[in-house]
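Peer 1: Sequence plus predicted model, see below.
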Amino acid sequence: MNTSMVALVAARNGDAILEIGFGCGTVIREMGDLVGDGVVEGIDFSDAMMHVAKKRNRHHIRKGRVRLTHGDFDTAVYPDGAFNAVCSANTIYFWSDPSQTCARIHEVLKPGGKVVLAFVDKGKMETMPLDMEVFRPVSCAAALEMLESVGFSSVQAHAVGDGGAMFCVTGLKER
């Protein structure tokens with residue numbers, strides 16, 4: 001799933017990218033290799049993941065290519081139009097108000113910017129032994145509708161693997 005997300009972000013030299021919920025920092029490191037004189041920022045509320053990601057990305061952090069923030073995207077301060085791309089894998093289930101978070105993503109993207117959300121579809125999640133008071137599964141159709149409702153265009157679903165249970169949904173902010 002992360003490989004698909006990175007490919008869809010298509011980071012280029014000079015890009016400013018944000019990953020919401022960077023976990024152990026693997027995706028951040030990959031994109032840090034691609035942005036050249038750009039920057040990859042990440043935000044995660046887990047102390048443990050922050051520690052691991054800082055170690056994994058210490059080289060890029062020293063070069064100024066990676067910035068990691070401990071916190072919650074919904075309350076963090078980012079200027080409007082700051083990023084070429086915003087991505088997130090397996091975090092949509094934990095967002096308190098997914099529509100509001102998608103609207104906030106739209107705000108922080110530059111015109112022409114892209115969102116990439118990777119997740120396991122609701123149908124599969126509901127068959128897994130998960131605490132549904134913690135996880136709030138989202139269907140692919142609902143994610144696409146959410147992106148469209150907050151102003152994204154060219155909204156698409158990209159199946160990941162051949163099981164039909166994992167997706168990356170993408171959308172563009174109009175120029």
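Peer 2: Thanks, I have it. Numbers count the residues shown, from 1 in each chain.
Peer 1: From the rest of the structure, what touches stretch 89-108?
Peer 2: 1-2, 5, 18, 20-21, 23, 27, 73-74, 78-83, 86, 115, 117-120, 125, 134-138, 143, 146-147, 149-152, 173 (CB atoms under 8 Å, 6 or more residues apart in numbering). Heads up, the C-betas are built off the backbone N, CA and C, glycines and all.
Peer 1: I meant stretch 70-81, not that one.
Peer 2: Stretch 70-81 has contacts (CB under 8 Å, 6+ apart) with 18, 20-21, 43-45, 47, 50, 69, 95-97, 100-101, 104, 107-111, 113.
Peer 1: Show me what counts as buried in stretch 164-173.
Peer 2: 165-173 (16 or more other CB atoms under 10 Å).
Peer 1: Strands - which of the residues you listed land there?
Peer 2: Residues of the buried residues of stretch 164-173 located in strands (DSSP state E): 166-172.
Peer 1: Widest-spaced pair of the buried residues of stretch 164-173?
Peer 2: A165 and K173 (28.0 Å; CB to CB).
Peer 1: rewinding a little: using a markdown table, please lay out the ones in strands among the buried residues of stretch 164-173 together with pLDDT and distance to G36.
Peer 2: Compiled in a markdown table, these are given as follows (pLDDT from 0 to 100; distance: CB to CB, whole Å):
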| residue | pLDDT | distance to G36 |
| --- | --- | --- |
| M166 | 94 | 30 |
| F167 | 95 | 29 |
| C168 | 97 | 24 |
| V169 | 98 | 27 |
| T170 | 98 | 23 |
| G171 | 98 | 25 |
| L172 | 98 | 22 |
